[in-house]
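Chemist: Could you look at this predicted model? Sequence included:
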Amino acid sequence: MKKIMFLALTGVLALTFSSNALTREEIEKDPILKGKMLAKKCSWCHDINKTIVAPPFKVILKRYKDIPEETLKKQFFDAIKNGSKGRWHDWLKGHVQTRLGKGDVMYMPPQKPYYTDEEIKLIVNWLLTLRK
């Protein structure tokens with residue numbers, strides 16, 4: 001009996017949570033949502049607000065707050081596509097503890113093997129919506 005109740009409750013919870021989910025079609029129609037979904041892979045290292053192993057997106061945006069949006073789009077596109085190293089050395093020293101050795105060996109690896117240029121543009125456009 002307990003097993004049946006558990007399975008019934010699990011099914012109700014799954015149905016409740018899945019009813020709030022966006023469909024693939026809805027995501028494909030909205031470029032910002034598509035960029036957000038593509039950026040899910042970035043969450044291995046980045047979060048919007050909290051530190052994981054890399055600066056949170058809001059910290060990155062705060063650092064570049066005075067840079068015009070079009071310039072920032074190009075910079076972010078290049079950093080995502082080709083990677084970057086050394087831009088966050090001082091921040092990493094104060095915010096990330098590593099057991100892998102020195103923090104200065106950490107870097108943003110190139111994402112070009114994983115994303116097309118168009119997908120990177122979608123991610124950048126979504127990222128810039130967090131600026132507001």
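Modeler: Looks like it arrived, so ask away.
Chemist: Buried residues of whichever strand or helix holds residue 93, list them for me.
Modeler: Element membership of residue 93 [criterion: DSSP states H and E] is helix 89-95. Going by neighbour count (16 or more other CB atoms under 10 Å), the buried part of helix 89-95 is 91, 92. For glycine as for every other residue, the C-beta is placed from the backbone atoms N, C-alpha and C.
Chemist: Same check on stretch 63-76?
Modeler: In stretch 63-76, counting by 16+ other CB under 10 Å, buried: 72, 73, 76.
Chemist: so how far is residue 90 from the closest residue to the second one other than its chain neighbours?
Modeler: So that's residue 73. Leaving out its chain neighbours, the residue that sits closest to residue 73 by CB to CB, 6 or more residues apart in numbering is residue 124, at 5.4 Å. Between residue 124 and residue 90 the computed distance is 24 Å (CB to CB, to the nearest Å).
Chemist: coming back round to it: from the chain's centroid, how far away is the helix holding residue 93?
Modeler: 19 Å (CA atoms, centre = their mean, to the nearest Å).
Chemist: follow-up on the earlier one: reformat the buried residues of stretch 63-76 as TSV; add distance to residue 54 and pLDDT.
Modeler: Shown next, in TSV, are the buried residues of stretch 63-76 (distance: CB to CB, whole Å; pLDDT from 0 to 100):
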residue	distance to residue 54	pLDDT
72	18	97
73	20	98
76	14	97
